[in-house]
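Participant: sequence unavailable; structure follows:
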């Protein structure tokens, strides 16, 4: 039986292949960490929404040549983490 980590790595490769992004490196642990921050700082459903928007922003930055894949993803995930934490600290969060 595969571990959760092996399953996520396989799933990530499958998705990257489906989207014809085989050369893109994804830091699964960083994505999951940002999702966790959003889930606990905002509300649980904010996790997939946050990671989707961060990924979209990274893709846009890469697409216009603003930064490399790695730089775009790291910057987008860091901003998502920061905004999630600030949301909670501002008292607007529900958890």
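Facilitator: Received it, and whenever you're ready, just let me know what you need. Values in this document were obtained by computation on a predicted structure and should not be read as measured data. Residues are numbered from 1 along each chain as shown.
Participant: helix/strand/coil for residue 22?
Facilitator: Recorded secondary structure, residue 22: coil (DSSP: H, G, I helix; E, B strand; the rest coil).
Participant: in contact with it, which residues?
Facilitator: 13, 16 (Cβ atoms under 8 Å, 6 or more residues apart in numbering). C-beta here means a position set from N, CA and C on the backbone, and glycine is covered the same way.
Participant: tell me the pLDDT at it?
Facilitator: On pLDDT, residue 22 comes in at 90.
Participant: likewise residue 25?
Facilitator: On the pLDDT scale, residue 25 is placed at 92.
Participant: how about it, secondary structure?
Facilitator: coil.
Participant: quick one: residues contacting it.
Facilitator: Counting by Cβ under 8 Å, 6+ apart, residue 25 makes contact with 69, 70.
Participant: the same query, at a cut-off of 10 Å, please.
Facilitator: Residue 25 makes contact with 12, 16, 69, 70, 73 under the criterion Cβ atoms under 10 Å, 6 or more residues apart in numbering.
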